[in-house]
Structure formats: structure tokens, C-alpha cells
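Trainee: Any chance you can model this:
(chains A, B, C and D)
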4 protein chains.
Amino acid sequence: MSKSVNVCLIGQKFMGRTHSNAYLKVAKFFDLPAEPQMYCISGRNRAELEAFARRWGWQHAQTDWQKAVTDPQVDLVDVGTPNHLHCEMSIAALEAGKHVACEKPLAGTLAEARQMRDAAKKHRKQQTFVWYNYRRTPAVALAYQLAREGRLGRIYHVRAFYLQEWAKPDVPLLWRFDKQAAGSGAHGDLGAHIIDMARFITADEITEVTGAIQETFIKERSIPSQGAKGGIAGGAKSSAQGKGKVTIDDATLFLAKFKQGAVATFEATRMATGNQNKNGIEINGDKGSIYFNFESMNELMYYDATLPRKVQGWQRILVTNGPNHPYVSAWWPDGHGLGYEHTFINQTADMINALGGRRPLVPLVDFEDAYQTQRVMEAAVISARQRSAVKLSEIK
Amino acid sequence: MSKSVNVCLIGQKFMGRTHSNAYLKVAKFFDLPAEPQMYCISGRNRAELEAFARRWGWQHAQTDWQKAVTDPQVDLVDVGTPNHLHCEMSIAALEAGKHVACEKPLAGTLAEARQMRDAAKKHRKQQTFVWYNYRRTPAVALAYQLAREGRLGRIYHVRAFYLQEWAKPDVPLLWRFDKQAAGSGAHGDLGAHIIDMARFITADEITEVTGAIQETFIKERSIPSQGAKGGIAGGAKSSAQGKGKVTIDDATLFLAKFKQGAVATFEATRMATGNQNKNGIEINGDKGSIYFNFESMNELMYYDATLPRKVQGWQRILVTNGPNHPYVSAWWPDGHGLGYEHTFINQTADMINALGGRRPLVPLVDFEDAYQTQRVMEAAVISARQRSAVKLSEIK
Amino acid sequence: MSKSVNVCLIGQKFMGRTHSNAYLKVAKFFDLPAEPQMYCISGRNRAELEAFARRWGWQHAQTDWQKAVTDPQVDLVDVGTPNHLHCEMSIAALEAGKHVACEKPLAGTLAEARQMRDAAKKHRKQQTFVWYNYRRTPAVALAYQLAREGRLGRIYHVRAFYLQEWAKPDVPLLWRFDKQAAGSGAHGDLGAHIIDMARFITADEITEVTGAIQETFIKERSIPSQGAKGGIAGGAKSSAQGKGKVTIDDATLFLAKFKQGAVATFEATRMATGNQNKNGIEINGDKGSIYFNFESMNELMYYDATLPRKVQGWQRILVTNGPNHPYVSAWWPDGHGLGYEHTFINQTADMINALGGRRPLVPLVDFEDAYQTQRVMEAAVISARQRSAVKLSEIK
Amino acid sequence: MSKSVNVCLIGQKFMGRTHSNAYLKVAKFFDLPAEPQMYCISGRNRAELEAFARRWGWQHAQTDWQKAVTDPQVDLVDVGTPNHLHCEMSIAALEAGKHVACEKPLAGTLAEARQMRDAAKKHRKQQTFVWYNYRRTPAVALAYQLAREGRLGRIYHVRAFYLQEWAKPDVPLLWRFDKQAAGSGAHGDLGAHIIDMARFITADEITEVTGAIQETFIKERSIPSQGAKGGIAGGAKSSAQGKGKVTIDDATLFLAKFKQGAVATFEATRMATGNQNKNGIEINGDKGSIYFNFESMNELMYYDATLPRKVQGWQRILVTNGPNHPYVSAWWPDGHGLGYEHTFINQTADMINALGGRRPLVPLVDFEDAYQTQRVMEAAVISARQRSAVKLSEIK
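Mentor: Okay, the predicted model is just below:
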């Protein structure tokens, strides 16, 4: 690998901004084996694309994504488009010999996810990454490290939640409420993150979804006027006046069992009033417990059950101490916290490190790993439909 | 009714103390239509019973519970014994013409609960009560009031939890781990409380248990030496040396749906390290949300989604303001919080009020009401066994 | 000493209730060397006094306090009257050969406090106690124990605060706003508690008040109608219509230095909107820190700076674990918290223990000890008036 | 003004990074009237400077600061050097006709601050700014807005604190412990921020420092080896072996009064174990209160005393809601918080807006405003030395 990595990013909406910002900043803060170059941005709307490229400093703007991903100058293709496009774009990039970083969840359907996993297997010399960025919140990475040190012991309980509130009844029928465009609702948007987080910190695999509910509270929403925005959604659906049918889940809840014996609840919802972005997990083991909530992203709660009982208590660790906490030494002094965007920059640093042959600070998600998360998602969908338990071994 | 209520309490263990304390104190703090008299305490061990009676000021001690409950002087029989004894004792008391207050859950089995419900129906002129004491935590009663005022609006989510940690692997095989004596484990001990709490605050009924897990993490525990104590359990199980089999659940989790459309998670466990008594609930409606956790029992968290968005936030209400918060004016000045025991005293005040023809501050649980909670418990047990959804309409 | 302690309590208002409740309950929960007998209650208003005696079970009611304290049957006189009466009553009781428990602060003036201290010295065989009840909050007693174990190390900072909000502009001119009756305002009512708490946990003495502010924000208040009540105050001040002058401090703040080098802020106020009863302290040492706030009275926050830096964080210790936390084993299982009233019951247990020759769990305050707190109070008053630093050595 | 603003930044240490990052990012997120150009970086060490310029994309690197600030291409000089250099550099820049942004506190001494204020007055057409960046934490800006809306009412209490812990006894004698280089210790480094924050949110002025303590807990520290680092300090002092004298304050505490009647405590310290960066304030008014702590920088606590008493409570406002909370709409969706660095970027946006004739979102600090903060700092120093109250009117 040369001393720079030419990046081609497809997508210029919400994720387009978070990724652009990451490529812009990563080499200012991290010492990397190579410097990412903001080589090419790709998107459909030429006018928007060029303005975006200018603002962020992308060297080229290309409305034809196929040309973009096959450009010989490109080293890494970053797929930041809606879920149903991940598969085609990622496989094209792999076949063009590129490394691929893809937004989560891996794909819009399990079948596509499987294809992507297989393609990655076939192109072993190229690396694949999936943007499960929350792994690189310092507090989550610290939870991972504490678990690996044996500080949780045998795990009994996992309680994973991703609670948002933006999908109020008056929010119109954005693309995020459309199964065609989004694949799923809260389940793929939010639930995927917490399945990955649970698998990551426990280093264990789910073997069964014991029961599941997928609920659409607001069955119809008003058709938005052209160009409307709302909630955290970007686009808008179709034409006619009046109301349209919501085809995705507002909330998905399921119970699960892990291979090593833990039981778990998972809950993803966009209608938990009072919770703007409560993305987190509690894990209870026989030696200790951890609790994380992204709304207080610079904190990890840790309960050490091996301390003298007299002083046992949930410890609020402010995960901002450079030498001792993951990713922090690249940033600011103790107590000077990070924000949402830094999770992407930290992941970018690890991806560049991985491309340069270095070991990431905590494991990155590749297509194989993300495929396992997708299988759990599928099991929950089937369990909700069948109204009974589903073994993961049945999900290929 | 005369100006005093003669109470006969059966049971002198943990609940014997909490109830005795309540009868001792209630008339010191509340202005009541009648004064409870600590007339008779009943228990099996004569020596212990007499010491207990002396300490607490019970006028009589009676080892034969049947004599105790049929004593013509007795107005109210309070059943504070293990679950499998509730049915026989309560029905005997009803048939002797007494009012009955019974510890929760209503019974050891659904069939017994049904018999008790039927007996209560038959003896309509006598009142029945069940000690779902947490309803009378001021913060929980306030949550009930806020919901009745319409401050939650349409409810989307219920998240109920009762997390304890005391059942560590080295805790011996107490009676609480024995199905015969205890009926169930975490499910009946803890889960019953949160099912009642969810039904109470929402004023809605569960129509389906969609999935359930009942887990025994520690399959065998050491046989305790005679007279041993451990955790919050009172008694101990005998016989052979070495290890004995645990026959109850350490944890029970289930998903549920409510009649008016809410979806719910319920989790009761004795093995959630770091949580000593986290008995609580979060409810999200379209107008507001509430959160309660008994570990901070003097606080109710409330999110008012009708305030200007700029200042919306979870409000930590310190529920200690006499004129404005339920039960508090009987006690101390603002900010001078209450403890666990006060939930029993508050319930006792409401029971005496009800016997005197007054309206309790918030609804009391009678046998009919507690039977509905027992049906939900049964549905969860069946769902866990069948590994599929169970409609409440199937549970008679 | 016989097997019972005959108590004579003077005062039947707020403190009359808290003390009566303590004598009623203490022997139910603690195993004591003697049982307190509720022998005699004394107060001025005969009708109220007799109703009070009946309700609480005091055997005698005596409107003449001098007769009450000299009754040969009485062992312990408990002075629960306004501050300006403490001195005369306590000394009379000491001269009658009684043990004395007196409400805080020790006296209305330093001169009276000195007399009381001297009288206590003279009657060495009798014991004196002062109701600095917050020492017996389990969390505060635990803080004391942790400090004695050396867990704080060298102390740098003390930050003591007692914040209430009830003295809103529309609260009328109650006796608590009257210097004659109350001695001082926030300073004596609230500040005294936190000076004691700081001295208790640090086991160190204040050597200088470096600066002080005593502020009366609301200079005049409306004269209450007869029998009016408001805030946490009990009585009411008389005469003319319209407004009357407030003669006490709404807030007192001061800076101080401790003998062993710590610097400190103290703040007592009745006008800190949003704080109902935030009575607490933070202490920072080189090995650790503690934080306590009575609004969350069952919690102690502890920061252990000797743990590996990676996991250092404020530990929220739920101080409810029987065998491991002070006073708790007398009460309920883990996680079943105590309330305000239990601080008085715990102190009563320790006083009875002390009278029976046992050692209290943590040190009790006697007249000598309370006199030291009163000296600090006086230094703050002088510093505020002189607008300069005052050495404690100047305060006799 | 042209469509770009050429910036010359002097300083390449901690503040050099935060400012460079701000200039790099601001135009990516904000729509500005002009784009800042990273024109020139200035510093003493050529090798370090050139590496820094390369990393951050500064177009020029200039070791002679005087040349740098007089370069005709430069529009804005940003002084990010130690305090004792602010005066000379800022005045030189003003005299060269530049706008000036200076790090806080304004100067190393009051006399220098006065000169700077006077120079700014003389060069009225040029704008001056001081980097009191915390004003632009969205939560702090929201507190300002709430106060301006009258939501606090009459203010009674200000409780300002800036607590760090890094100056442990084993931290060597860095430049931050040297009066010559740093001007002051905790007082100027931390205290300046909270004086500014208090003046900002209250929109009121301090009229008196009633008492003050300046304390150096660790009188001597070891001389660091060349190039050593420690704590959040950058440089290192001198040569000889062994220990050297600390010439600054580890902690400064003072009491103050505001013009409109509020009383206040201020505490700045580097030795409050357990507090990594607890920079914040509580303000109590008769209509409401606010609390802010930078360790939870995305939250503002607000108590609205005009709500029905039943639901009053501290509201935890997650200040991340684009349309409703200041600065947030430039960034990410609701609940996706910001970090320390964003306070600088927000300030940069406002400075560029101000240079372009737009109004900043909340008031910026100019030299006149920062001079007022410096006068308060001086009053505290004098009060600590004289051991008595000091009127601000005495400080010119």
C-alpha cells in the first residue's frame, strides 16, 4: 500500500456528512500508516453533489457510481447509501478489486447479506468493513476491554435498547417508513446497532430468538410535500395527497438466548417519548456489570462485584483519560469529552490502520461478522411472524 | 364498624415485621375512621411467636391459625405466610366472616387464586386486600395520578423490571429456591409486583404474552445447615448432604401486549449484579413518559412532551411535597424522604379507610384484581414452556 | 441503670413527633441494653399536649416543664423546644441529676452554649447528647468509617451545603424568621448541621472563617393570621396587620480553613429554588473523595483514587446492605431504603446503648462537641459583620 | 470584507490544536458570510511549527510572530500563547490594523488587561474577541437564553465551580505551576471561565469579593526532566535536580455579591479528586434554577418553579435538538451529542459572523468584557491577601 488511501464515498446525505468529516479529520489527530485522500464523492443529484464536494473538499464528483467504484485510482469504496443498494454496490467494488466499507446493516435482506458475505470470502485479499461505529465510542470499547479482562465473569443478563422518539404521529411518510427503500424500520435502523453491540461486548453469539414483537403504532402517515424534511429522515415518498401506508416497524422487541447461557431483551423503537437517542446496554455477570447509554456517551457505568461489599456501587467512569481509555489519547485532556462524530473518526483510524497492516484497537466488523448480526435480525422477524421461538441454526 | 379494628396477623417473618410495624404506626400518622388493634399474632413456633408478640405488642399469640382466624373478636385477618398457604387461610377467614388482607402473589397456583377470587365474590360484604404495597410508594401513586390526568396520552411502551442480585452461586438452597414452598422464584416474588404496577399505572390489561423465558442459572445449590440464613430468604431446606436441585426460576422475562395497543417487556431476576432492588417501570406515551425505580423511591421521573420543546427534559420530581404528593402530608416536611416500610403503612391507612367506608387515595388491590395479575403470571409460564405466544383469553 | 429508661420529652411540634416516633420504634428494631419508656411529655398547651400524649402513648402529660424534668422517675430529659429555651431547660435537667438529650444547635447564643458545656462538665456522671441526627444516616456514618480507614487520605477540599427553597417571598413572618425565637435563620437551622457533618467526617477542626455573608433577601414578610402555617415552620408571629421585619438570615455562606490544611465552603440557605432538602457534603482527599446529599439519603458517592485509573469513577454505593453498612442490619433487606425518621431512631439506639455502657456505632455529639460547632457558627457571624477573616482562637 | 478571512494563529500547543481544528471545520458545518483561511501559523520552534502547519494545512509557518501579525494578507490574528504574552501580541496586532481573537484570561496582570482594553477602544473599527469558549456550549447558551426570557426571575444564588484533579502531588513542576509563565494557577486557568460564565448567564456584575482563599497545597514539586509531560500542562520548567517551589495557587475560592443582590460562591481547583473537568454553575432564582456541569456537557438541568408544584422537578434537558437549541442545527440529529471541540467551532462561527456584520447567536466576549472578568480576578487576589472584603469599585 502506498502512503495514501484514495477513498470513494457513495452517498451525500446524513452518512455522507459523518464519513466526509471523518476522512477530513482522522489524520489530524491520529498517527496513521497512510493518509486517506478524499478522492471522489458519488451521488445522483449533480447539483447537490458538486456543492457537497466543494464544501467538503472531495477532489472529484461522479454521478455514475459504477464509474466511481471502478476508477483505478480508488483504493477504498465507502458505501453510504440506503440499505437496498448496499449489496450491488459493495459487490461491484469488491469485483473491481477495492477494499469496501459499507454502512450498516449489511444489506436490506438476508439473501443479499449472504451474497455480500460470500463475495467478501471470495476476495480475501481485500478488506471489508461495516460501519458499526458505536463500537468505537470510547466507553463501549472500554466495556469490551473490561469484559475481555474477565471483569464481568459469567454473563447472566443482557438488556439492550435503542430508544428514540422522533416518529411522532405528525411526522410524514418519509422514506424511512417505506419498506422498499429502508428494508426495515426501527429494527434495521436501531436494532442492528444493539445486536452488534451485544455480540461485541459479550464476545458471544445468540442461538435463539425466543419471542418477538414488531409493531407499527401509526399505520398511516401523511404524504409529505416535495422536499419536506422531518425527524432524522432525509428523503420523502411519492406523490398523491392525503395519507399513505406505513410499511415498516415503529418498534421491534425480542427475547434471546446466548450460547454461553445468558438471556437477553432487545428493544428498538422510534416512539419512546423522552428518549432522544438512548442507545445502550446493560450486561450483568457474576463478577461485575456494565451499563452504557449513548445519551451520556462519555460515561461507562461499571459495577465491580469483587470489591469489598462495603464500597461496591455503580462506578461512573468518565471515559476521557488519555493513556488509560481507548481512543482518547488522540483527542483532548481528561474530562474534555467527545461527541457523536468521533465514533466515525475513530473507526476510520482503525480502518486505515487495518489497511496498513496494523491491528485495530478493538475488533472491526467485516462482512462475515455483520452477516451474523443480520441472521439475528432475520430470526426476530420470523419469530414475530410465527409467534414462536426460532433457533438461529435454522437461519442460513 | 366500631372505632377499632381487631387484627389477626398470621406470619412472623419478614412480612410479619413489615405488617406489625404498619399496624403499630399507622394511627400515629394518619387520621383514620378506626384504630387498628394488634389483637393476635399467629405462627407455628411458640417460643419465637411469644417473643415476637412481646416485642411488637401483640395482645395474643396463637399457634393454631384456625383458632386465630375464627376468634369472634377478630375483624381483619392478615395472611403473611408463604404463597402455598394463602388459599386455605384466606378462605377460612372469609368463611369465618372476616375481612382479609393477603400477601402477594394471591396464591401459589392459578387454581388456588381462582378459588380465592370466587370465595371473595361469595362473601361480598367482607372486603379483601392484597399487599401490592408498591402502589403506595408516593412516586408510584403520583405516576398513577399523572396517567389518570391524561398526561401520558396514548401509551406505546411499557418497560417493567425488578432486578435483584442476591441469588449468587454461593447462596444455599433456601426455601425460596423450592417450588413446593415458594410456588415460583423470581416470577412470583418479583415479577408479580411489576405486573401489578404496570396494570395499575396504565389502567390497562395485558391480552397476550408473546414470548417468555424462565431461566435457572444455578441448577444446584448447597444444602444449608439447620437455621442458616442467606440473601433475603428466611427459612431453609433440609435433608441430605451436599447439593440439592433448584426447582424455581432465577429469572423470568416476557414480552406482552396490552389491550389498548402498548407493547411491553417484563423482567424479574435475582441475578442482575449491581441491582439490589431495582423495582420499576418506564412507560412511554405520546404526551409524556414516566420512569420509576424503587432504589430511588422518593423520586419520579416524568417527561412532559407538551412543554415547549426547548425545555423538555426528564423531570426528577422529589415526591415529598405534602399538599401536592400522595400520602406525603401524613409524614414529614418537603425533602425529608420516606423508606420501604412506609409503603406498608400507607396501604394500612387505605385499608382502614376502606373498612371505614372511605375511599382509598389510589385503588387498592382486592382478590379479583390480584387474580388478573395471576393470570398474566400463568400465561408467561405457559409461553415459556410452549415456546410460543399465549393469549390471555386462553387462561381462565 | 435499670432495664428501662424513663424519658421526659419537652416539645410536641415537629421535633416532638420525630422523637416520639423514635422512642416508640427503637426497641422493636434494635437489641438494646434497656428499653426507653415514653414516660412524660411536656408542653405549654394543655389541650394539644393531652391529644399528643394519647396519640403517641406518652404515659404522662405535664404542662409545667420544671416539674417534668425534676420528676424522680425520669432518667433522660429530651429538650425539643426552640433554641432560646435549650439552655435553661438543659441545665435544670442536669442539676436534677438527669441525662440530657438536646435538639441542635446547642443554644440560641454562644454564651448560653458555653454555660451548657460547663454544666455538662460539672455533671460528668450524667451523659449529654445533641440531636445532630444526620450523623446516623447510614451513608454519612459510612463516610465517617471510610475516612477513618484512611480512604480519603490528606483532605484538600470540603464543600458543605444545606439548600432548601421553602422561604419564598409569599411565606409569612413565621417564628422561624424571628431572631428572638429562633436565634438565627438558615445559619442555625441548616448551617449547624453541615458544620457538624464536616467536623464529623473529617475528624478535623475549623481554625478560621476567612470570609462570610449573611443575607436576608426578603426584608419584610406579611404578618400571618393566627394559627397560620407555612413552609416547614410551625408557629406564627403575632400582632399588627400588614408587614413585619425579618430579623434573621435567609442564607449564610462562609469560607473556612481546617487545622490539617483543608479549605472549605459552607452554604446554608432557604431560598435555593429546586432544592428541597439538599443537605450534604463533598470532601476531596488525595486518596479518594466522598459526596453525600440527603435528598438521595440511601446513597453515598465514593471515588477511590487508588483503583486502577482505567476503572476509577464515582461509585454510587446504595448504603442498604445489612452486614456491611452501619445501622442497616436493624432494618430491612438490601435495597429496601430508609427514610428521614430513621436517623432519629438510629441516634436513639446509640443513646440508649451509651446509657447502658455500650459504645455507639459512630461517635455521638455531647455538649462539649456541639459547643465547638457553635463556636464556628459564631465566627461566621462575626466575620460577616466585620467583613474580614476571624480566627477560631478568638472565639471563646 | 472579502469572501475570506485570512487567519494568523500564534501558538501551536493545546490551544493551537483546538483553534486549528475550529478553522478547519467551521465552514463545513456553518453557512458563513466569509470563509476562514488557515493562512499562517506562528510559533518559536521551527521544526515543530512546520510539522504542525503540514498536519493542519496552514499555508505559511512563521517563527517571527511580529512579522506574522503585520503581514498585510492577515485579517484576523488569533493569540493562543501563554498569558504573559497576550498583551504585547494583541496590541501589536491591533496596531497593525487586524482584528484580534485572544485566549483567556485576557492578560497575565490587570495592568496589561487594562492596556489591552484601552487599545481595543482606540481601534474601534477592528473587532476583538476573547476565547471564553464555554459560552458556546449549547447548554450554556441555552441557560443564557432561558435567563433572558425571565425564566429564572430574581436571582438569589450563584454557585460556580471548576473542579479538576490532575495536580496530584507527583505531577512535576510544569510551567503551569510557575507564576512567571502562567500568571496564576487555578484562578486564571479555571476561575476565569466561571467568572465569565456567571456574568454571562446572570447578565449581572459582581460588586464585591467578600472573602477569598488562595491555597497552594503542594508547596514544592519535582523539577521535570527535559521534555517531560504531565497532567494537562504542556511545557516544563528549567534545569537543576530535585524540587522547585510552586509559585501559583492550586485552588482559589471566593465569596461575592452581585449588583442585583445575588450572593455567590466561586471555587476553582486542580485538586478535587474525582472531578476531571467539572466546570459549571448553579443559579437559583425565584422563578427557576439552572445547573450545568461540563462533564455532562450536552445536558442542562432546569427547574421551573412556575409549573404546578405536583410536577416540579429538575428537568434534564438534552441540549441536542436542532431547531430548538442553540448551535445544534449546524450539527447532528437529536441525541447525537457534541464534544469539547465544538465549543471552539461554535465560537469561530460567531466570530466570522460578527466580522461579516451578522449578529452572534449569543454575545461574544470582547476585550472590554474580558477586562471586567479580570477585575473580579484581581479583587479575589487582593481579598485573599488582605483577608477582608474588597469592593470592585476599588479595582480600576
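Trainee: And chain D, is stretch A:76-85 touching that?
Mentor: No. Applying Cβ under 8 Å from any Cβ of the partner chain, one finds stretch A:76-85 separated from chain D by no less than 15.0 Å. Every C-beta, even on glycine, is put in place using the N, C-alpha and C of the backbone.
Trainee: Show me the beta-bridge partners of the nearest residue to residue A:223 once chain neighbours are set aside.
Mentor: Take residue A:223 and drop its neighbours on the chain: the residue closest to it by Cβ to Cβ, 6 or more residues apart in numbering or on different chains is residue A:244, 5.1 Å away. Per DSSP bridges, the residues bridged to residue A:244 are residue A:221.
Trainee: What is the neighbour count of residue A:170?
Mentor: Burial of residue A:170, expressed as a neighbour count using other Cβ atoms under 10 Å in any protein chain shown, amounts to 9.
Trainee: for residue A:377, same thing?
Mentor: Residues lying near residue A:377 (other Cβ under 10 Å) number 25.
Trainee: show me what contacts it?
Mentor: Under the criterion of Cβ atoms under 8 Å, 6 or more residues apart in numbering or on different chains, the neighbours of residue A:377 are A:105, A:110, A:184, A:187-188, A:191-192, A:195.
Trainee: Just the buried residues of the helix or strand that contains it, please?
Mentor: Element membership of residue A:377, judged by DSSP states H and E, is helix A:367-386. Going by neighbour count (16 or more other Cβ atoms under 10 Å in any protein chain shown), the buried part of helix A:367-386 is A:367, A:369-384.
Trainee: domain ranges for chain A?
Mentor: For chain A, the domain assignment from automatic domain parsing gives the residue ranges A:4-134, A:138-333+A:368-386.
Trainee: For these, which has the smallest mean pLDDT value?
Mentor: Mean pLDDT values for the domains of chain A show the minimum at domain A:138-333+A:368-386, a mean of 93.
Trainee: Compute the distance from the centre of it to the centre of its chain.
Mentor: In terms of Cα atoms, centre = their mean, to the nearest Å, the gap separating the centre of domain A:138-333+A:368-386 from the centre of its chain is 10 Å.
Trainee: Then stretch A:63-81?
Mentor: Here stretch A:63-81 is found 21 Å from its chain centre; the criterion is Cα atoms, centre = their mean.
Trainee: Dump it to CSV, restricted to CA.
Mentor: As requested, the backbone C-alpha atoms of stretch A:63-81 are provided in CSV (Å, rounded to 0.1, in the frame of the first residue of the first chain):
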residue,chain,number,x,y,z
THR,A,63,-22.9,10.8,-10.5
ASP,A,64,-22.3,7.4,-12.1
TRP,A,65,-21.5,5.2,-9.1
GLN,A,66,-20.3,2.3,-11.3
LYS,A,67,-17.7,4.5,-12.9
ALA,A,68,-16.8,5.8,-9.5
VAL,A,69,-16.1,2.4,-7.9
THR,A,70,-14.1,1.1,-10.9
ASP,A,71,-11.8,4.1,-11.1
PRO,A,72,-8.3,2.6,-10.9
GLN,A,73,-7.2,5.4,-8.6
VAL,A,74,-9.6,4.3,-5.9
ASP,A,75,-8.4,2.1,-3.0
LEU,A,76,-11.4,2.1,-0.7
VAL,A,77,-15.0,2.3,-1.6
ASP,A,78,-17.3,3.5,1.1
VAL,A,79,-21.0,2.7,0.6
GLY,A,80,-23.1,5.2,2.5
THR,A,81,-26.4,4.7,0.6
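Trainee: Please list the outside residues in contact with it.
Mentor: Stretch A:63-81 is touched from outside by A:1, A:5-13, A:15-16, A:19, A:36, A:39-40, A:42-46, A:49, A:62, A:85-86, A:89-90, A:92-93, A:96, A:98-103, A:131, A:351, A:355, with contacts defined as Cβ under 8 Å, 6+ apart.
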